[in-house]
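Student: Please find the sequence and the predicted model below.
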Amino acid sequence: MTLWTAIGLIGLALVLAMAGGAAAGARLAGQYLGNGLAAMMGAFFGPAAVVPAALLGVALLALWR
């Protein structure tokens, strides 16, 4: 795995985590906070769990050849 592949995979995980967090935030808390604020908070806090897992996964894939 090259460095650019690893960066691309982590970037893809970050974008998908932000999109999923925004959708989940708007769905769960949109009624109480407003859809815009809930989506923004979801997009901010969504990657908090995904990025460390993606880093670990890419590191394991890089070591496992």
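Tutor: Cool, the structure landed.
Student: Let's verify G21: helix, strand, or coil?
Tutor: The three-state assignment at G21 reads helix, by DSSP: H, G, I helix; E, B strand; the rest coil.
Student: residues contacting L12?
Tutor: Contacts for L12 (CB atoms under 8 Å, 6 or more residues apart in numbering) come out as none. Quick note: C-beta positions are derived from backbone N, CA and C, even for glycine.
Student: check which helix or strand covers it.
Tutor: Secondary structure assignment for L12, by DSSP states H and E: helix 3-33.
Student: Looking at A49 now. What's its pLDDT?
Tutor: The confidence metric pLDDT takes the value 88 at A49.
Student: V58 too?
Tutor: On pLDDT, V58 comes in at 93.
Student: Spatially nearest residue to it, not counting backbone neighbours?
Tutor: Nearest residue to V58, sequence neighbours excluded (CB to CB, 6 or more residues apart in numbering): A6, at 4.9 Å.
Student: Kindly provide the whole-number mean pLDDT of stretch 13-26.
Tutor: 95.
Student: Contacts for it, please.
Tutor: Contact with stretch 13-26 is made by 35, 38-47, 49-51, 54, as judged by CB under 8 Å, 6+ apart.
Student: about what we covered before: same question for the helix holding L12: list its buried residues.
Tutor: Buried residues in helix 3-33, counted by 16 or more other CB atoms under 10 Å: 6, 9-10, 13, 17-18, 21-22, 24-26, 29.
Student: Name the nearest of these relative to A62.
Tutor: A62 lies nearest to A6 out of these, by CB to CB, at 6.4 Å.
Student: quick one: the closest one and L63 touch, right?
Tutor: No. Using CB atoms under 8 Å, A6 makes no contact with L63, being 11.5 Å away.
Student: Torsion angles phi and psi at G46?
Tutor: phi -60, psi -50 (degrees, to the nearest 10).
Student: sorry, back to before: for the following helix or strand past the helix holding L12, packing partners?
Tutor: Remark: after helix 3-33, the chain's next helix or strand is helix 35-45, criterion DSSP H and E. When contacts are defined as 3 or more CB pairs under 8 Å, 6 or more residues apart in numbering; DSSP states H and E, helix 35-45 sits against helix 3-33.
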